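**Student:** show me how the following folds:
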Amino acid sequence: MKIKFLSVLFLAFVLLAFGLPKSIQKKVDKAIKDTYQVDTFLFESKLISEDIASTLPSKFGTDNFFEIKSDSTLLGYAYVAKAPSKTDQFDYLVLLDSDLIVKKAKVLVYREDYGGEIGSKRWLKQFIGKTQNDQLKYGDNIVAISGATISVRSMTEAMNNLLASLKILNQKAAL
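**Tutor:** Okay, the predicted model is just below:
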């Protein structure tokens, strides 16, 4: 009986320990509502087996990759992660449709004095429509921003890693 109680307590702790911080979750929820044009939705962690996750260029865990559903219909996926800037990191969100095509990219929290222009809708819209078969190149098909070189390169690399990871997940039928 004691072991069963401890198991239930541990499971409850694990389930409550994961997820996004409240301030980030609010921004993610707003982006989902605006992008998918829904008022209510389910936002659930999409578990990727450790065997597959360990081979991916991007980090996939219980706290950064989510399925978005409305009335049990899969609308798409949300990927939340951090990327390095000059002296800190910034949080970003990528929303994908059910075919793994980028619907939206958003910088959620930028912690530097300079380079915040990467959070502009105008700059981020260049990622919309990108698929697992695209290769992004700074200064080629990704526009440079003066004063934000490190952040732009970092976001470009993060997006490339995500797209490559999605390709692997799709090939292994993990999505």
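
**Student:** any idea how far residue 128 is from residue 108?
**Tutor:** 17 Å (CB to CB, to the nearest Å). C-beta here means a position set from N, CA and C on the backbone, and glycine is covered the same way.

**Student:** of the two, who's got more company?
**Tutor:** A count of neighbours by other CB atoms under 10 Å puts residue 108 above the other of residue 108 and residue 128, at 21 against 13.

**Student:** my guess is that one contacts residue 92, does it?
**Tutor:** Yes - the criterion here is CB atoms under 8 Å, and residue 108 meets it with residue 92 at 6.1 Å.

**Student:** mutual contacts of these two, please.
**Tutor:** residue 80 (CB atoms under 8 Å, 6 or more residues apart in numbering).

**Student:** now tell me what touches the lengthiest helix in the chain from outside.
**Tutor:** In terms of residue count, the longest helix belonging to the chain (DSSP state H) is helix 149-171. By CB under 8 Å, 6+ apart, the residues outside helix 149-171 that reach it are 48, 52, 55-58, 60, 79, 81, 83-86, 90, 92, 94, 96, 100, 102, 105, 107, 110, 112, 115, 118, 127, 130-138, 142-145, 175.

**Student:** what mean pLDDT does stretch 165-175 get?
**Tutor:** Summarised as a single mean, pLDDT over stretch 165-175 is 95.

**Student:** next: stretch 89-103.
**Tutor:** The model assigns stretch 89-103 a mean pLDDT of 97.

**Student:** so what does the residue nearest the centre of the chain have for phi and psi?
**Tutor:** Closest residue to the average C-alpha location of the chain: residue 79 at 1.8 Å, with CA atoms, centre = their mean. Backbone geometry at residue 79, expressed as degrees, to the nearest 10, gives phi -120, psi 120.

**Student:** related to what we said a few turns ago, sort out which of the contacts of helix 149-171 are buried, if you could.
**Tutor:** 48, 56, 58, 60, 79, 81, 83, 85, 90, 92, 94, 96, 100, 102, 105, 107, 110, 112, 115, 118, 127, 130, 132, 134, 136, 138, 142, 145, 175 (16 or more other CB atoms under 10 Å).

**Student:** I am finished for the moment; much appreciated.
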